[in-house]
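J.: Show me the folded form of this:
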Amino acid sequence: MSVEVSVVLPAYNEEATIEQTIHTTLDTLDSFLSKGRYEVLVAEDGCDDNTPKIAARIAGEDRRVQHVHSDTRLGRGSALERAFRISSGETLVYFDTDLATDMSHLEELVESVRSGEYDIATGSRWIPGNVAERPAKRSIPSRGFNTLVRFLLDSKLQDHQCGFKAFDRSVLFALLDDIGDEHWFWDTEVLVRAQERGYRVKEFPVDWVPGEETKVDLVRDVFGMGSQILRCWWEIAVQPRITRGVTIAGGSLLVLVAVALMSLYIDPSAVVEHMSKADPWYIAGATLVYLVSWPLRGLRYRDILQELGYNEGIWFLTGAVFISQTGNLVIPARVGDAVRAYVVKMRRKIPYASGFASLAVERVFDLLTITVLASAVFFVLAAMGIDAGSLGSISQSRRDSGQTAIVVAIGVGLAAILALVGIIASVRSDRNFVRSTISAISSDSYADYLASVIERFTSDIQTVASTPKSFARIGASSVGIWILDVVTALLVFAAFNVQLSLITFVAVGFFAVSVGNLAKVLPLSPGGVGLYEGAFTLIVVMFTPVTGPVAVSAAIVDHAVKNVLTVIGGIISTLVLNVSLTTAVEESRNIEASNTD
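T.: Numbers count the residues shown, from 1 in each chain. Reported below is the predicted structural model:
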């Protein structure tokens, strides 16, 4: 006889109950299936108790039982998926090993799918008229979760979390490639995507008795389940609608709205007039300075990749940076970051994981450098006694806003410095700060999964920070890059013949450019157009007597110089490296940072 039904029991540290659960499962299956028609697989997920020994012993004694062992913690979803792929049945079943759901419902669960009537079947504790009694600490979070899934993901089911489900093999395997979660949200995502594709899903009431008392867990319930709901909402409801045309139209609309709002306070004709009077020699000088910063970007990227084990030439990497930044200008949401990973993979065989890791390190150094520079400038200004009384003829409300901005900038700078200290301290210590911190706020096994994700990110940063020489070298190049970025803006600003003292001119310029670039971190428009200009103008008007039209004109020309030079460099780089930007953008959409080579 061939196996028709495969039952998977996900097990993590279940030594007290696993043996009884296996025997109860076998007895129940015997009551309605012939021997040889079913198998039971114990998906033992990196346990550190006696569960593996018990499962292995039973599997050795009973041919109907398989022990699927994992040395490391995979996560509940990944453990289930791994066992299902090993299984033989056409009807795939799983339920929680605490047997909270009454086993009298197992036949209905299996036969609903085995008969061909449904593609998926799931038990429910929340169907009206059959609501299970649960403590408030468990029922309130559960109801909230299911409500969010129904509202945001358009599910028609009442209960997505009940650990009592059956799947048609071909249907489940057709869905698995789109499942992004590896842990507690896995089966919820299967149900949501099955409904989206029009598969037949049966939800039926079950008798259910709660197991051990649990509590709301910050990591599992908020960071885990909450973030996965938002991820699915983005992938299912939003991302398919973001075509290239929609992206360009949306970015253009944001720019138009920003310009329209500015026009309420600033005369557009005055802006055009000031731009026409700008000194072209200063702008030419700004262009040359900004051009010099690009080989420095390639040099920094080379140093980062070297720390990760890859040696490439500066000019190739400068071209890759040009192409990626051009991608960010064409399409928002930092698509260019994925484009760079694609370019170095296709041209130099650097794995996607390493490509994204290098980008993560670069972004951290950028943010640290910008915030530290901005904070340092304002510490200097504070020491010089700059206060609201020296802000010219600005209204009291703007003076107050300016002082608030100083406080916020200093706070961000201190946070960046603390992050830097934390990275260095973690490198020099044998302690695992990430895992110990998360464990302190969460007792759920999902904490291990979240910790591993964060550790993959921080380990790459720690690799770069592990030696003072490499850290200093990359940090110095980051400072150089952003100083040249600021000098570019200052030369453009000088083209408008602003009347400021040198120290005020330099200090405010530094802060305006820093805040403008921090605003661009939000991927709301291509290249941050509109965001940069708005933030730059706000800072200049707050802290100097320079008028709004002049500040806007300088911001527009500064950003235009940088963006035009970036696009020109990107076009030249695509030709030299024989890379199609369109192909790179399309291919990069399918790249995920955590994928293997």
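J.: quick one, domains of this structure?
T.: 5-239, 244-253+274-588 (automatic domain parsing).
J.: weakest of those domains by average pLDDT?
T.: Across those, domain 244-253+274-588 has the smallest mean pLDDT, namely a mean of 71.
J.: how many neighbours does Pro280 have?
T.: Per other C-beta atoms under 10 Å, the neighbour tally for Pro280 reads 8. C-betas here are computed from N, CA, C, even on glycine.
J.: Nearest spatial neighbour of it, chain-adjacent residues omitted?
T.: Nearest residue to Pro280 in three dimensions, chain neighbours excluded: Ala495, at 7.6 Å (C-beta to C-beta, 6 or more residues apart in numbering).
J.: correct me, but Val540 touches Phe510?
T.: No - here Val540 lies out of contact with Phe510, judged by C-beta atoms under 8 Å, at a distance of 11.6 Å.
J.: now the strands for the chain?
T.: All strands of the chain, identified by DSSP state E, fall at 5-11, 38-45, 65-70, 91-95, 120-124, 164-168, 201-205.
J.: Show me what the fourth one is packed up against.
T.: Counting contacts by 3 or more C-beta pairs under 8 Å, 6 or more residues apart in numbering; DSSP states H and E, the secondary-structure elements packed against strand 91-95 are strand 5-11, helix 106-114, strand 164-168, helix 169-176.
J.: So what are the sheet partners of that strand and their directions?
T.: Applying DSSP bridges to the sheet, strand 91-95 is found paired with strand 5-11 (parallel), strand 164-168 (antiparallel).
J.: Dump these to TSV, plus mean neighbour count and distance to Tyr118.
T.: As requested, those are exported to TSV (neighbours: other C-beta atoms under 10 Å; distance: least, C-beta to C-beta, whole Å):
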stretch	mean neighbour count	distance to Tyr118
strand 5-11	24	15
strand 164-168	25	8
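J.: ok, Glu203 - contacts?
T.: Applying C-beta atoms under 8 Å, 6 or more residues apart in numbering to Glu203 gives the contacts Ala121, Thr122, Gly123, Ser124, Ile127, Leu157, Gln158, Asp159.
J.: between these, which is nearest Arg300?
T.: Set against Arg300, the nearest of the contacts of Glu203 by C-beta to C-beta is Leu157 (50.0 Å).
J.: I'd say the closest one and Ala121 touch.
T.: No - Leu157 is beyond contact range of Ala121, at 11.3 Å (criterion: C-beta under 8 Å).
J.: and the two? which has more neighbours close in?
T.: Under the neighbour definition other C-beta under 10 Å, Leu157 and Ala121 were set side by side, and Ala121 has more, 26 against 21.
J.: Not including adjacent chain positions, what is the nearest residue to the more buried one?
T.: Excluding the flanking residues, the one nearest Ala121 by C-beta to C-beta, 6+ apart is Ser112, at 3.9 Å.
J.: what do you get for Thr72?
T.: In space, Thr72 is closest to Gly46, 4.9 Å off (C-beta to C-beta, 6+ apart).
J.: Count the neighbours of the one you found for me.
T.: 18.
J.: For Ala512, see how far away Val541 is.
T.: Remark: distance between Val541 and Ala512 (C-beta to C-beta, to the nearest Å) = 10 Å.
J.: Next: Ala11.
T.: Distance, Ala11 to Ala512, using C-beta to C-beta: 58 Å.
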